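Just a sequence and a predicted model for now, questions to come.
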Amino acid sequence: MNRAFTQITGFQEAEVLGETPRLLKSGRLDEAFYQSMWASLHQTGQWRGEPWNRRKNGDIYPQRTTISVVRDADGSVSSYIAVFGDTTEIKRSEEAFYHLAHHDPLTDLPNRVLPRARMEQSLQRAVQRHPAGAPVPGPGPGPVQARQ
């Protein structure tokens, strides 16, 4: 616990001593996320990711986090050390960049890149859901020809 923790979360040391990290839980992540995190900690002794947590005032914010297991001389887990940083400004910059890349700066209408990106996302989801493929109706009778 240090000054940066208080600046990021708004919690004072006395408020968090003896508490579990659930105090910061945002409710934005499902149980599978936490199960995966704990599985990584048990298997490798560390975990890295970008969870969303909650400040004392209730605001939800993104973090870049690394958690490491600390073991005693017997090899038993004695504690965990977490190092994290608030990535709110990075996420805002990414969103602004994405918007600029996909919208006309004068009219704010979607440009040609956005429909293509959405089509590629849709195709990727379709391939994930139906890896064997699905028939695609063509313009007339006969097999559909792919263009190269």
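Received it, and whenever you're ready, just let me know what you need.

Okay, buried residues for the longest strand seen in the chain please.
Looking across the chain with DSSP state E, the single longest strand is strand 60-71. Within strand 60-71, the residues scored as buried using 16 or more other CB atoms under 10 Å are 61, 62, 63, 65, 67. No exception for glycine: its C-beta is placed from N, CA and C like everyone else's.

Can you get me a residue count around the residue nearest to the third one when sequence neighbours are not counted?
Nearest residue to residue 63 in three dimensions, chain neighbours excluded: residue 84, at 4.6 Å (CB to CB, 6 or more residues apart in numbering). Taking other CB atoms under 10 Å as the neighbour definition, residue 84 ends up with a count of 19.

Just want the angle from the helix or strand hosting residue 41 to strand 60-71.
If you go by DSSP states H and E, residue 41 is part of helix 31-44. Between the axis of helix 31-44 and that of strand 60-71 there is an angle of 30 degrees, by axes from the mean of the first three to the mean of the last three CA atoms, to 10 degrees.

Where does the residue nearest to residue 10 when sequence neighbours are not counted sit: helix, strand or coil?
Excluding the flanking residues, the one nearest residue 10 by CB to CB, 6+ apart is residue 56, at 3.4 Å. Three-state assignment for residue 56 (DSSP: H, G, I helix; E, B strand; the rest coil): coil.

Leaving out the residues flanking it, which one is nearest to the residue nearest in space to the middle of the chain?
Centroid-nearest residue in the chain, with CA atoms, centre = their mean: residue 50, separated by 5.0 Å. Excluding the flanking residues, the one nearest residue 50 by CB to CB, 6+ apart is residue 64, at 5.5 Å.

what's across from the one you found in the sheet?
Assessed by DSSP bridges, residue 64 has beta-bridge partners residue 85.

thought it was touching residue 84?
Yes: the pair residue 64 and residue 84 qualifies as a contact (CB atoms under 8 Å) at a distance of 6.5 Å.

could you say what helices and strands the helix or strand of the chain with the lowest mean pLDDT packs with?
Each helix and strand of the chain was given a mean pLDDT (mean pLDDT, DSSP states H and E); the minimum falls on helix 113-129 at a mean of 83. For helix 113-129, the packing partners by 3 or more CB pairs under 8 Å, 6 or more residues apart in numbering; DSSP states H and E come out as helix 88-102.
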